[in-house]
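[1] attaching a predicted model along with its sequence, questions to come.
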Amino acid sequence: MGDLTRTKDVEKYETPIMSMDEFKIGLLEKDRIPGLLIRSDENGYYTIGIQINDNEVIKVDSALEDNALYKISYWSDRVEQIQNLYKNQAPEL
């Protein structure tokens, strides 16, 4: 699950922020849990992201099919927390 670091007392996940278009490459599921984006490929590899603004997603985790449901459940409970970490940050685009 993402590695946390503390910078000026603000926790940030050491995972890439990417554009929505970049994240959407693959089969994408969204809107089941607002803000949580799940991308999968033909090999059963899942990438889990949280939308932090209209244009950007932060990749928080990845999983193989056998533990994807666990990780999706884990992150679904943390969407708002992660969004709050990044809400005052200007978009990097």
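    Good, I have the coordinates.

[2] hmm, who's touching the helix or strand where L69 lies?
    For L69, the host element (DSSP states H and E) is helix 65-76. Contact with helix 65-76 is made by 1, 33, 36, 38, 40, 44-46, 48, 50, 60-61, 63, 82, as judged by Cβ atoms under 8 Å, 6 or more residues apart in numbering. C-beta: built from backbone N, CA, C; applies to glycine.

[3] mark which of these are buried, thanks.
    33, 36, 38, 40, 46, 48, 50, 60-61, 63, 82 (16 or more other Cβ atoms under 10 Å).

[4] one step back: quick one: average pLDDT of the very next helix or strand once past the helix holding L69?
    Beyond helix 65-76 on the C-terminal side, the first helix or strand identified by DSSP H and E is helix 79-86. The average pLDDT for helix 79-86 rounds to 93.

[5] helices or strands up against helix 79-86?
    Packing partners of helix 79-86 (3 or more Cβ pairs under 8 Å, 6 or more residues apart in numbering; DSSP states H and E): strand 10-13, strand 45-51, strand 56-64.

[6] so how far is G49 from the residue lying closest to I33 once chain neighbours are set aside?
    The shortest distance from I33 to any non-neighbouring residue, by Cβ to Cβ, 6 or more residues apart in numbering, is to S76 (4.6 Å). Computed as Cβ to Cβ, to the nearest Å, the S76 to G49 distance reads 12 Å.
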